[in-house]
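> Got a sequence here, can you model it:
(chains A and B)
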Amino acid sequence: MIDRDVIGYDQIYALGPVIILTLTVLVLILADCIWRAFSRHVKPGDVEHDDPAGMGLMPNLVITLIGATAAIADIFYLLGRLRAGGGTALAELFIARGFPDATGRHAWEAGALAIDSFGLYVALLGCLILIAVSLIMLPYLQSRRLFRAELFQLLVLSTIGMLLLGFSRDLLNTFIAIELLSLPLYVLCGLSDKSSASRESSLKYFLLGAFASGFLIYGASLVYGAVGHLNYKAIAFYLSSNPDVSNVLLAGLSLVGVGIAFKLALVPFHAWVPDVYQGAPTPVTAFMASGVKVAMFAAAIRLVNDSLVGLDAQYWRDALAVFAILSMIIGNLFALHQSSVKRLLAYSAITHTGYLAVALCAGGPAAAQSLLIYLAAYCIASIGAFMLVAYLSRPGQDDVYFDELHDLSQRYPAASAALAILVLSMGGLPMTAGFIGKLLVFRDAWAAGLHGLVIFAVLNSVVSFYFYLRFLRAMYMQPRVPGTAPLEAGSMPAAYAITAVVSVVLTILFGVLPQLLVEWGNSGVMLQ
Amino acid sequence: MLQYVWLTIAFPLVGALVNGLFGQRMSKKASGTLGSAMVFLSFLTALASYFSYKSWAAGSDSPYFELTLWPWIHVGQLQIDAALLIDPLSTTMMLLITGVGFLIHLYSTGYMSHDKGYSRFFVYLNLFIAMMLILVLGNNLALMFVGWEGVGLCSYLLIGFWYQDMYNAKCGMKAFVVNRIGDFGVLLGAFILFWNFNTLSFTELFGNFSSVMNSATIESWVPLAAALLLFLGATGKSAQLPLHIWLPDAMAGPTPVSALIHAATMVTAGVYMVCRLNPVFTAAPTAGFIIACVGAATAFIAATIALTQNDIKKVLAYSTVSQLGFMFLACGVGAYWVAMFHVLTHAFFKACLFLGSGSVIHAMHEEQDTRVMGGLAKYMPLTYWTFLISTLAIAGIVPLSGFFSKDEILWRVATWQTQFGSAPMILWFVAIATAFMTAFYMGRVFFKTFLGKPRWTKHYVEHHHHPHESPRSMTFPLVVLATLAAIGGFMGLPHFTHAPNFLEPWLAASTGGEEQLNIVGRIGLEEHGSAAHDDHGTAAHDDHGAAAGHAEDAAAHHEAFVSFGSTETTEIIFALVSVALAAFALLGLAMPLYTKRFGATEKLHTSLGPLYRLSLNKWYIDELYHYLIVIPGTALAYGCWRVFDMKFIDGIVNGVGNVLGWLGHGVRPFQTGFVRNYAMYLLLGAVVYLALSLLK
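The predicted structure follows:
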């Protein structure tokens, strides 16, 4: 047993991925300084003039990819050590303890960060998402002539927030990690400073995000007032030892829930999603739809499994179930008539949040693993789909409308086929990865006795096929609308092509051989 | 070497893939060479497998070599592997498929040389070979079914190969739909076997069969139901009554397809399945009786239809149906190796006949009507001679291959030990009558095509053409196949010759092996001896005796025949009778009628009016299906569509869609775009959340 009080080598080892990514940020900043110091050009505009292909972005991309790859290597190393050790967690950091009882045993003992295999898998997903988004960022920026070198730093910083959220078991840590995740994103949303939609989305996201953070931190302070601690285990212990739950604690937990639900985009905390997703530069949207979702669900399932276990389920499950139902209905209804692909995908993301919230309602270790699987499948489809939107959209527009998709299969057969497969996976068609995720999540919820909720979710996923099939109808069956100019996307840049092929291949591979994905997810065991 | 037997499947699959992906960009020569070469490689692998199997089997107790490639479906009790089974039966089929398949590929390079869909043709043909090999090599019913459906698909694609013509496309559909009925039977049969024996693997099934049957937990209807359902599948695939109707129409496909798929290989899949699952069929004597009856009836009816058809390919098609009937007759009486023997010889002569007819059609510029042929012998000598040899073979003239296999079937029918009274005698009479008709109609088509006066002169003089012999790529396969058709019979010489019989002991390992004896053992070992020695004529055996009769090995069989009288003499007399009948039909009836006295048959047509029309119109079976099934089925489907689907189902679907669509529009105003509204939703949500938690 490691000495839990001292931060030793083992703990620092365990934080390896976070440290590597932090170093990456530092290197990126340094590289940027060096570039600016030694370059003749000071202003980005000059760079644009001298470097029309935007090759000056390459060093930043390469550093980011190296950092992310190193982090992934470290994650695999840590997973190997974890497996060799035989336990569920590699290390716990910042240990806190409850008061000792008469025999001197502590009532509870837990770290604020748990480096367990669940957290490591979340970190793995985060790093893979970082790689994918950085890759599609390059051609996007090149085609938009947006040579903003700082965005790679921001992306990596946000990823660090994701990693910490996956490990965090303490409300304060969670809050800080959420802020670390969000603040770079506020900037990234406004990246495209020529576009008013981008600036608008940045401001909206920031204002509402700040509002929601207020709820979260206020809730946390109420919890602290009631429990005297912010550690999840402390909350769980308090709940189990005090049968009459104080209203202060309930209110605190509810407000924390509001803060998290905002980031998850559960209805009615979702209203920012369509506007922000549509306005933000498309690769950033892909990052929000995948990375933020993974991190926030990881945080949510930790909160549920670690602290709410002691609470009578009705206090939190009913409210969550109401929000899940609302998310599925509202997401589906809004998605039905969208003319913009990005907005449609945004509403579809809300619907998916609803399905995932069903798994949250179920709770427990199995649900955590199913969530990982569902999220992996969803991220693959979502990044791929947004990437295709980025590829197909006109430079000045940053969105694709269904009118423009008509007859696309004739001109871009490969892109059309890829988009079709990915949206069908989102819908959950069998033989695609999305189906496996849905199946597992619904199975867990059914096993937890949430029969009504599962039936409702399945019905909703049937309805959702209506708008997913709109893609196929537009691309394969409808003739071009007279008067609309055809999309001129040109040939696909290599970075896009790689992402497209990888996402389609993985979607089908996991759909046909689900055990690959299921075994991966099932080894993501959460420290209890 | 046996570990690499999967290469036989892989080669044609690669050929299909390469031709499918790049065939359009390759020259015709390249794509034809690739297709043929892949099958040739497959044939070489099959040969190598044969020899290594022989050396393996010499040192092994079991005749079954299993090769598990990878685990396929493992769900609960259901454990299915992608596994191959190498035994004499599958090796024989593998050699036949790849050998004849290669010859027909070669032939196709010449026959299809002017076709636009050249590379597409080889894609389908290679795919067919691969699927057929999966069918015969699969070690479980599931994998066999994959091949079963795969060959069905290829058959459909190739029948409708010239799909621009609606008639061809419809023929393809007909074949596909009729086969569905049979496939349904195969599936149900497989389910019954799995349900009772908990396995779909052949080797496990055979391994457990006797012990499970002995344990008597299996009810008596189980083997009967399984056997009959599987046989339903065989009637579909192998064109037996009442599902034979698709095969004559399948002649719409190119002639090499008719030779390969609809004569030599695919249609024998049903026979293969019965032989493969022979323990199941042996355990259900009633099923054997039904199979024998269906086989005999099919053979007879198809032969009567072939008597009057004018299209050269139609005659051959009905002849194929008829010959398949013979094979099932052999299966029904439990002579599985004889059925396989006939599969082999039939593959040789019928493939040769079809390819010969293709050569004729090629020379006659797509003319298939024998009424406007005649006198072709001197223009196309090679086709003429090979066609002659094959005609004599199918007619059963000594010493060509057809004689030996057909005669063995007749003999086994006549000496069948069964509880079904005088069934053997009746079946034998039906079979000998069929054999007589076979000789006649084959003689008819042969003489009408090659001898007599040319009846095509006018047509050709107008076009300044005269028929010419086909290119070497087409005649070479003809010569090889004719040679095989001539000498193939020596693989299984009858007992009275006292010459070594190669085929029977070889195939006995698969089709008449220990397993059956074990079952016999359960059913009544004590009765075995006495029952088998009972006088055949009394024919009052019980179940057990009949089953025993099926399962005897060669020696016991021979012994049993002693009771029939002086066996060898009888057998020789039987053989002489059938040869004499065949020779009479050929030389005494068909030759004068269709060469010197051409046109004399017109009088026969009028004097035998109703019978002639019955035969010409194929016993009106197609019409029967049309009025009994197609018209009511179409009416039902139309009714379902107009009333149930359009009104009821569409009503519900559209209703739900409309409501949702209306709701979708209804919620739009809430997405205002104003941050203040969004913040208000957030606040309201928080209030609801708090209320829900605190009011509990």
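> Spit out the contact partners of residue B:9.
B:42, B:130, B:133, B:134, B:137 (C-beta atoms under 8 Å, 6 or more residues apart in numbering or on different chains). In short, each C-beta sits where N, CA and C put it, glycine included.
> May I ask which helix or strand encompasses residue B:183?
Using DSSP states H and E, residue B:183 maps to helix B:166-197.
> residues contacting residue B:653?
Counting by C-beta under 8 Å, 6+ apart, residue B:653 has no contacts.
> what do you get for residue B:64?
Contacts of residue B:64 (C-beta under 8 Å, 6+ apart): B:85, B:86, B:87, B:202, B:203, B:206.
> Of the residues you listed, keep whichever come out buried.
Neighbour-count burial (16 or more other C-beta atoms under 10 Å in any protein chain shown) applied to those gives B:85, B:86, B:87, B:202, B:203, B:206.
> I figured the second one was touching residue B:52, is that so?
Going back to what we said before, that points to residue B:86. No: judged on C-beta atoms under 8 Å, residue B:86 makes no contact with residue B:52 at a distance of 9.1 Å.
> Now for the two: what residues contact both?
Contacts common to residue B:86 and residue B:52, judged by C-beta under 8 Å, 6+ apart, are residue B:2.
> Can you give me the neighbour number for residue 165?
As the question left the chain open, I've gone with chain A. Using other C-beta atoms under 10 Å in any protein chain shown, residue A:165 has 29 neighbouring residues.
> oops, I was thinking of chain B
Quick note: residue B:165 (other C-beta under 10 Å) scores 12 neighbours.
> Just flag the most distant two among the buried ones among the contacts of residue B:64.
Using C-beta to C-beta, the buried ones among the contacts of residue B:64 reach their maximum pairwise distance at B:86 and B:206, which is 14.2 Å.
> Out of the contacts of residue B:64, which comes closest to residue A:268?
residue B:202 (61.6 Å).
> got a list of what the closest one touches?
By C-beta under 8 Å, 6+ apart, the neighbours of residue B:202 are B:64, B:85, B:139, B:140, B:141, B:276, B:277.
> tell me the pLDDT at the fourth one?
Okay, so that is residue B:140. For residue B:140, the model assigns a pLDDT of 90.
> Test my guess that it contacts residue B:84.
No: Residue B:140 is beyond contact range of residue B:84, at 9.9 Å (criterion: C-beta under 8 Å).
> where's residue A:328 relative to residue A:466, distance?
14 Å (C-beta to C-beta, to the nearest Å).
> Looking at the two now, which is surrounded by more residues?
residue A:328 (27 against 18).
> returning to that earlier point: could you dump the buried ones among the contacts of residue B:64 into JSON lines with secondary structure added?
Rendered in JSON lines, the data for the buried ones among the contacts of residue B:64 read as follows (DSSP: H, G, I helix; E, B strand; the rest coil):
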{"residue": "B:85", "secondary structure": "strand"}
{"residue": "B:86", "secondary structure": "strand"}
{"residue": "B:87", "secondary structure": "coil"}
{"residue": "B:202", "secondary structure": "helix"}
{"residue": "B:203", "secondary structure": "helix"}
{"residue": "B:206", "secondary structure": "helix"}
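> so what's residue B:259 closest to, chain neighbours aside?
Once flanking residues are discounted, residue B:259 sits nearest to residue B:354: 3.5 Å by C-beta to C-beta, 6 or more residues apart in numbering or on different chains.
> Would you state the strands of chain B in chain order?
B:65-75, B:78-86 (DSSP state E).
> lowest-pLDDT helix or strand in chain A?
helix A:44-50 (a mean of 53; mean pLDDT, DSSP states H and E).
> Moving C-terminal from it, which element do we reach first?
Next along from helix A:44-50, by DSSP H and E: helix A:58-85.
> about what we covered before: between all of the contacts of residue B:202, which two are separated the most?
So, the contacts of residue B:202 by C-beta to C-beta: farthest apart are B:64 and B:141, at 15.2 Å.
> So what's the residue count around whatever residue of the stretch 351-500 of chain B ends up closest to chain A?
The nearest approach of the stretch 351-500 of chain B to chain A comes at residue B:366, 37.5 Å away (C-beta to the nearest C-beta). Counted with other C-beta under 10 Å, the neighbours of residue B:366 add up to 6.
> Pull the contacting residues for it.
Taking C-beta under 8 Å, 6+ apart as the definition, residue B:366 has no contacts.
> Setting aside sequence neighbours, what's the nearest residue to residue A:341?
Residue A:341 sits nearest to residue A:400 (C-beta to C-beta, 6+ apart), 4.4 Å away.
> same thing with residue A:109?
residue A:97 (4.8 Å).
> ok, that neighbour - contacts?
Residue A:97 touches A:106, A:107, A:108, A:109, counting by C-beta under 8 Å, 6+ apart.
> Next one: the third one from chain B, what distance?
With distances taken as C-beta to the nearest C-beta, to the nearest Å, residue A:108 is found 23 Å from chain B.
> any residues touching stretch B:473-489, and which ones?
With C-beta under 8 Å, 6+ apart as the criterion, stretch B:473-489 contacts B:100, B:103-104, B:106-107, B:109-111, B:344-345, B:348-349, B:351-352, B:355-356, B:358-359, B:362, B:382-383, B:385-386, B:389-390, B:393, B:399-405, B:469.
> Just the CA atoms of it, as CSV, please.
Extracted in CSV, the C-alpha atoms of stretch B:473-489 (Å, rounded to 0.1, in the frame of the first residue of the first chain):
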residue,chain,number,x,y,z
SER,B,473,-11.2,-22.9,-76.3
MET,B,474,-14.7,-24.3,-76.7
THR,B,475,-13.9,-27.6,-78.3
PHE,B,476,-11.1,-28.6,-75.8
PRO,B,477,-13.5,-28.8,-72.9
LEU,B,478,-15.9,-30.7,-75.1
VAL,B,479,-13.3,-33.3,-75.8
VAL,B,480,-12.2,-33.6,-72.2
LEU,B,481,-15.7,-33.9,-70.9
ALA,B,482,-16.6,-36.5,-73.6
THR,B,483,-13.6,-38.5,-72.7
LEU,B,484,-14.7,-38.5,-69.1
ALA,B,485,-18.3,-39.3,-70.1
ALA,B,486,-17.0,-42.3,-72.0
ILE,B,487,-14.7,-43.7,-69.3
GLY,B,488,-16.1,-42.2,-66.1
GLY,B,489,-18.2,-45.3,-65.5
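> average pLDDT across that stretch?
The model assigns stretch B:473-489 a mean pLDDT of 90.
> Show me which positions of it end up buried.
B:473-475, B:477-482, B:484-486, B:488-489.
> and which of those is nearest residue B:335?
Distances from residue B:335 to the buried residues of stretch B:473-489, taken by C-beta to C-beta, are shortest for residue B:489, at 15.8 Å.
> Now for residue A:105, how many residues are close by?
Neighbours of residue A:105 (other C-beta under 10 Å): 10.
> Need the phi and psi values for it.
phi -90, psi 140 (degrees, to the nearest 10).
> Against residue A:289, how distant is it?
46 Å.
> Also residue B:359?
66 Å.
> what's the burial count for the spatially closest residue to residue B:120 that is not a sequence neighbour?
Excluding the flanking residues, the one nearest residue B:120 by C-beta to C-beta, 6+ apart is residue B:23, at 6.9 Å. Counted with other C-beta under 10 Å, the neighbours of residue B:23 add up to 25.
> Equivalent analysis for residue B:276, please.
27.
> SS state for residue A:429?
Judged by three-state DSSP, the three-state class of residue A:429 is coil.
> Could you tell me how far the longest helix anywhere in chain A lies from the centre of the chain?
Scanning chain A for the helix with the most residues, using DSSP state H, yields helix A:196-227. Per C-alpha atoms, centre = their mean, to the nearest Å, the displacement of helix A:196-227 from the mean C-alpha position of its chain is 17 Å.
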